[in-house]
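S.K.: predicted model and sequence below, questions to follow.
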Amino acid sequence: MGPPPTLPTSHSFSSPSPKTLQETKTPFEIRFALLSSLSIQNHGMRHLKGEIGVVSKADGSALFEMGNTRVIAAVYGPKEIQNKGQQMNNNEALVRCEYSMANFSTGDRTRRPKGDRRSTEISLVIRQTMEACILTKLMPRSQIDIFVQVLQADGGTRSACINAATLALADAGVPMRDIITSCSAGYLCTTPLLDLNYAEDSAGGPDVTVGILAKMDKVTLLQMDAKLPLDTFENVMQLAIEGCKAVAQYIREILLENTKQLESRRGS
C-alpha cells in the first residue's frame, strides 16, 4: 500500500533564528515558536496508519494512528440481542459503544475509573456517529457492540476513535450506507491548523471536530470547544472537512488492499 494521502497545502518558510529556539524552555514553546516563525498556512495532516484484523476473537477490528495518537477498535456482532429491555425499536439493530483510555496512554499514568463522565460522553458521541452510517434497519432484533480504546494519546483522540471504529465495522462486514471519517482543525497564532496534536490543542485556541459521510458529503458530527467568528469558523470547518476526505481516501485504500489480499488467498 502506498503512503497515505496528503492535503494540498501552501507553505511559506522563513527560518526561525537560533536565538528564538534557545530562549524557549518547553517543547510546547518550541512548537509555538516554530509555528509563529515559519508562517505556515493550512498546517498539514499528521501521518496516518491503519490496520485491520488485529483482534482475532472479534468479528471486526482495527488499529488506527493519527500522528502519535494510537487507537484500537473491536466490533462484536451483529448478534442476537442480549438484553431485550435495552432495545427501543425491534425493527432495527441496537448499537452499543464503550470508550476507554489505557492507563499508559498519557504521560501522567493516572488510573482512570471506568465509566467516568468524559468516557461516557465520548462513548455517546462515537455511538451516535456510528449510528449515522450503519444500516440498522437491515438487522432487526440484533446487537452490535463497539469497543474503542486509546493506547496512546497525542490530540485528536475522538477523530482517531471514529476512524478506527469505521475500519472495524467494515472488517466485521456490518452494512453501512457510507464510511464515516473524522478529523479536527483549530486556530493558533492566527493560523488554521489541521489535525491538532496535544500541544496545539492545549494552547487554548478553538478546536472543531468534524465527522462526515464521505461519498455523501454529509456532515454528521460537529463539536466545538470555544466560540469562533463566523468567517474563522467557516475556514476551520472547511479545513476539517478536507481532512475527513483525506482520511476517507486512505481508509478506502486499506479496504481495497485487504480485498485484494483475500482474493489472492482464495485463488491460491
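M.R.: That came through, no problem. None of the values given here were measured: they were computed from a predicted structure.

S.K.: how about the helix or strand where Val148 lies as PDB, C-alpha atoms only?
M.R.: Secondary structure assigned from DSSP states H and E places Val148 in strand 142-152. Output of strand 142-152 as PDB, limited to C-alpha atoms (Å, rounded to 0.1, in the frame of the first residue of the first chain):
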ATOM      1  CA  SER A 142     -29.800  -7.700  16.800                       C
ATOM      2  CA  GLN A 143     -27.000  -6.000  18.600                       C
ATOM      3  CA  ILE A 144     -23.600  -4.500  17.600                       C
ATOM      4  CA  ASP A 145     -21.000  -3.800  20.300                       C
ATOM      5  CA  ILE A 146     -18.200  -1.400  19.500                       C
ATOM      6  CA  PHE A 147     -15.200  -1.200  21.900                       C
ATOM      7  CA  VAL A 148     -12.700   1.500  21.400                       C
ATOM      8  CA  GLN A 149      -9.500   2.100  23.500                       C
ATOM      9  CA  VAL A 150      -6.900   4.800  23.200                       C
ATOM     10  CA  LEU A 151      -3.500   3.200  23.500                       C
ATOM     11  CA  GLN A 152      -1.500   6.500  23.100                       C
END
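
S.K.: buried ones in that strand?
M.R.: Using 16 or more other Cβ atoms under 10 Å as the burial criterion, the residues of strand 142-152 that qualify are 142-150, 152. For every residue, glycine as well, the C-beta is placed using N, CA and C.

S.K.: what number of residues lie near Cys106?
M.R.: Heads up, residue 106 is Thr, not Cys. Other residues lying near Thr106 total 16 when counted by other Cβ atoms under 10 Å.

S.K.: show me what contacts it?
M.R.: In this structure, Thr106 makes contact with Ala153, judged by Cβ atoms under 8 Å, 6 or more residues apart in numbering.

S.K.: do a quick rundown of the strands in the stretch 1-150 of the chain.
M.R.: Listed in chain order, the strands of the stretch 1-150 of the chain (DSSP state E, counting those that start in this stretch) span 48-52, 60-66, 69-80, 94-101, 142-152.

S.K.: just put the buried residues of strand 142-152 in CSV and tack on pLDDT.
M.R.: Rendered in CSV, the data for those read as follows (pLDDT from 0 to 100):
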residue, pLDDT
Ser142, 93
Gln143, 94
Ile144, 97
Asp145, 98
Ile146, 98
Phe147, 98
Val148, 98
Gln149, 98
Val150, 97
Gln152, 97
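
S.K.: with distance to Met224 added, can I get the residues you listed in JSON lines?
M.R.: As requested, the buried residues of strand 142-152 are exported to JSON lines (distance: Cβ to Cβ, whole Å):
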{"residue": "Ser142", "distance to Met224": "35"}
{"residue": "Gln143", "distance to Met224": "32"}
{"residue": "Ile144", "distance to Met224": "29"}
{"residue": "Asp145", "distance to Met224": "29"}
{"residue": "Ile146", "distance to Met224": "24"}
{"residue": "Phe147", "distance to Met224": "27"}
{"residue": "Val148", "distance to Met224": "22"}
{"residue": "Gln149", "distance to Met224": "26"}
{"residue": "Val150", "distance to Met224": "21"}
{"residue": "Gln152", "distance to Met224": "25"}
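
S.K.: what stretches of this structure score poorly on pLDDT?
M.R.: For the chain, the stretches flagged by pLDDT under 70 are 1-43, 85-87, 107-115, 268.
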